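Participant: pasting a predicted model and its sequence here:
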Amino acid sequence: MTTDLRHRIARRAAHDLPDGAYVNLGIGLPTLVAGHTPPSREIIFHSENGLLGVGPPPPPGAEDTDLVNAGKQPVTLLPGAAVFHHNDAFVMMRGGHLDYALLGGFQVSAGGDLANWSLGETTKAPAVGGAMDLAAGAKQVWVLMEHTTKSGEPRIVERCTYPLTAPGVVRRIYTELAVIDVGVELVVRELADGITFGFVQARTGARLVAVK
Amino acid sequence: MIDKIVPDLAAALAGVGDGATILVGGFGETGVPFALLQGVVRSGVRNLVLVSNNSGVADKGVSQLLQLGRVRKIICSYPRSAGSVVFDQVYARGDLELELVPQGTLTERIRAGGAGIGGFFTRTGVGTELTRGRETRVIDGQTYVLEHPLRGDVALIKGELGDRWGNLTYRLSARNFGPVMAPAATLTIAQVRRIVALGDIDPEHVITPGLFVNRVWACDE
């Protein structure tokens, strides 16, 4: 997917984060959200390695190797930021203190199961990091992902075929085609410009319903 | 008189032997006690069990121990990342046992180990292959899985300031696992950027109380 489309997904999700929200951004596409939050809102970004109030990347030459985010990239801290140890960082996640976890996804099922940590390869070692803690612990889990795989397979499916990160946790999905709420049904709340419901349904492996 | 300050790397690592379980602080390269790990490499100890969030990058620290075949098992949340070439090779050869643990479960298991907690139930990992076959319990309508505490024979951590009582501060996100691991090992060894006189660290600013620390070694890293 083009950078432009990835930013479009990130911008759309950023638009829905309310003022005052405490948010964790997963590695990959979700990290782009930080660059798109409306300046009128105070949104506090959490990083699993012990930061609250994460700011933008530093200018070249001003990087500090003691100050990185979950993706091990250099970051800055905003006025009002806090640093703390790993256990507190995960108390925030696991104790339900974070309002939103915005995560990448390989697959989401109709029932909100999330698969985003392993492709089930047997030749490579698995790596899970904080994915399961965030998925199980945040008040709301939103998934930002491309609507289909590179080969055109749906990522929104009846049942995940990849190993689960957590069952039944996803509340909303943002793709380049639509915004979909996950509940009793998969409800398409919004279609991207020029995209029809039928176009999205044809690229989705589970039944969608239009917003009433 | 209490004096936990040691003069050199050999003194810092005295008694770290074959077969030890070593908790290694750090997240990515941030807060990793590289100088202490270099000492472990030089000491020649082997058959180690390492507890570390990552598996090292390039060929230093944890990576170097893996490369030299000194590690029997690694307990880890994110072993595979950009630059973890050595881990990938050693793991592919089947020469390393991996216990993959969700990161929050890893830190909580270490905390439990340090706090004398015999285990805990968590929602993280429920319904996934990482907890398949494990004891679960429904508490207030939620399913939780049992996790056991994790302790080390040794903890190697990196602080910013240290004093002769073993009090430590940290710098920014280099704090990460240090304060969690310090209480969870029989022998906790800290490399610090600077040693200061007793009282120079405001008691309000001590992050790891000296009680949890056995040795402090100054290292300009």
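Facilitator: Perfect, I can see it now. Numbering: from 1, shown residues only, chains lettered A, B, ... in the order given.
Participant: just to be sure, residue B:41 is in a strand?
Facilitator: No. Counting by DSSP: H, G, I helix; E, B strand; the rest coil, residue B:41 is located in no strand; its state is helix.
Participant: residues contacting it?
Facilitator: B:64, B:65, B:68, B:70 (C-beta atoms under 8 Å, 6 or more residues apart in numbering or on different chains). For every residue, glycine as well, the C-beta is placed using N, CA and C.
Participant: other residues contacting stretch A:51-66?
Facilitator: Under C-beta under 8 Å, 6+ apart, the answer for stretch A:51-66 is A:22, A:34-35, A:44-47, A:67, A:69, A:73-84, A:89, A:92, B:29-31, B:171-174.
Participant: picking that back up, and of the contacts of residue B:41, the nearest to chain A?
Facilitator: Chain A lies nearest to residue B:65 out of the contacts of residue B:41, by C-beta to the nearest C-beta, at 16.5 Å.
Participant: what is the neighbour count of residue A:172?
Facilitator: 22 (other C-beta atoms under 10 Å in any protein chain shown).
Participant: can you check residue A:31 too?
Facilitator: So residue A:31, with other C-beta under 10 Å, has 19 neighbours.
Participant: isn't there a helix covering it?
Facilitator: Yes. Counting by three-state DSSP, residue A:31 is found in a helix.
Participant: sorry, back to before: among the contacts of residue B:41, who's most crowded?
Facilitator: Neighbour counts for those (other C-beta under 10 Å) peak at residue B:65, which has 26 neighbours.
Participant: would that one count as being in a strand?
Facilitator: No. Under three-state DSSP, residue B:65 falls outside any strand and is assigned helix.
Participant: now for it: which residues touch it?
Facilitator: B:37, B:40, B:41, B:48, B:50, B:56, B:71.
Participant: how far does the longest helix seen in chain B sit from the chain's center?
Facilitator: Among the segments of chain B that qualify as a helix by DSSP state H, the longest is helix B:103-115. How far helix B:103-115 lies from its chain's middle: 11 Å, per C-alpha atoms, centre = their mean, to the nearest Å.
Participant: try stretch B:49-64
Facilitator: The chain centre lies 11 Å from the centre of stretch B:49-64; the measure is C-alpha atoms, centre = their mean.
Participant: buried stuff in that stretch?
Facilitator: Neighbour-count burial for stretch B:49-64, counted by 16 or more other C-beta atoms under 10 Å in any protein chain shown, picks out B:49-57, B:60-64.
Participant: as a markdown table, those residues with secondary structure and pLDDT would be great.
Facilitator: Supplementary listing: those in a markdown table, determined by DSSP: H, G, I helix; E, B strand; the rest coil; pLDDT from 0 to 100:
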| residue | secondary structure | pLDDT |
| --- | --- | --- |
| B:49 | strand | 98 |
| B:50 | strand | 98 |
| B:51 | strand | 98 |
| B:52 | coil | 97 |
| B:53 | coil | 96 |
| B:54 | strand | 93 |
| B:55 | coil | 90 |
| B:56 | coil | 86 |
| B:57 | coil | 79 |
| B:60 | coil | 88 |
| B:61 | coil | 92 |
| B:62 | helix | 95 |
| B:63 | helix | 95 |
| B:64 | helix | 95 |
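Participant: out of these, which comes closest to residue B:195?
Facilitator: residue B:61 (22.7 Å; C-beta to C-beta).
Participant: from residue B:4, how far off is the closest residue to the closest one other than its chain neighbours?
Facilitator: The shortest distance from residue B:61 to any non-neighbouring residue, by C-beta to C-beta, 6 or more residues apart in numbering or on different chains, is to residue B:37 (4.5 Å). To residue B:4, residue B:37 is 20 Å away according to C-beta to C-beta, to the nearest Å.
Participant: and the helices in chain A?
Facilitator: Using DSSP H, the helices of chain A run over residues A:3-15, A:86-94, A:131-137, A:197-202.
Participant: quick one on the thing from earlier: helices or strands up against the longest helix of chain B?
Facilitator: helix A:86-94, helix A:131-137, strand B:120-122, strand B:142-147, helix B:178-181 (3 or more C-beta pairs under 8 Å, 6 or more residues apart in numbering or on different chains; DSSP states H and E).
Participant: ok, which of these comes nearest residue B:98?
Facilitator: Nearest of these (C-beta to C-beta): helix A:131-137, 16.2 Å.
Participant: from the contact counts, what lies against the closest one?
Facilitator: helix A:86-94, strand A:100-103, helix B:103-115.
Participant: one more time with 7 Å, if that's ok
Facilitator: Secondary-structure packing of helix A:131-137 (3 or more C-beta pairs under 7 Å, 6 or more residues apart in numbering or on different chains; DSSP states H and E): helix A:86-94, strand A:100-103.
Participant: and the contacts of the first one?
Facilitator: Residues from elsewhere that reach helix A:86-94, judged by C-beta atoms under 7 Å, 6 or more residues apart in numbering or on different chains: A:24, A:46, A:48-50, A:98, A:130, A:133-134, A:137-138, B:103-104, B:107-108, B:111, B:122, B:124, B:176-177, B:180.
Participant: what mean pLDDT does it get?
Facilitator: Average pLDDT, helix A:86-94: 98.
Participant: for the last one, same thing?
Facilitator: Confidence over strand A:100-103, taken as the mean pLDDT, stands at 98.
Participant: distance from the chain centre to it, please.
Facilitator: Chain-centre distance of strand A:100-103: 4 Å, with C-alpha atoms, centre = their mean.
Participant: so what strands line up beside it?
Facilitator: In the sheet, strand A:100-103 lines up against strand A:22-25 (parallel), strand A:140-144 (parallel) (DSSP bridges).
Participant: mind giving me a markdown table with those and columns for mean neighbour count and distance to residue B:77?
Facilitator: Formatted as a markdown table, those follow (neighbours: other C-beta atoms under 10 Å in any protein chain shown; distance: least, C-beta to C-beta, whole Å):
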| stretch | mean neighbour count | distance to residue B:77 |
| --- | --- | --- |
| strand A:22-25 | 24 | 15 |
| strand A:140-144 | 25 | 19 |
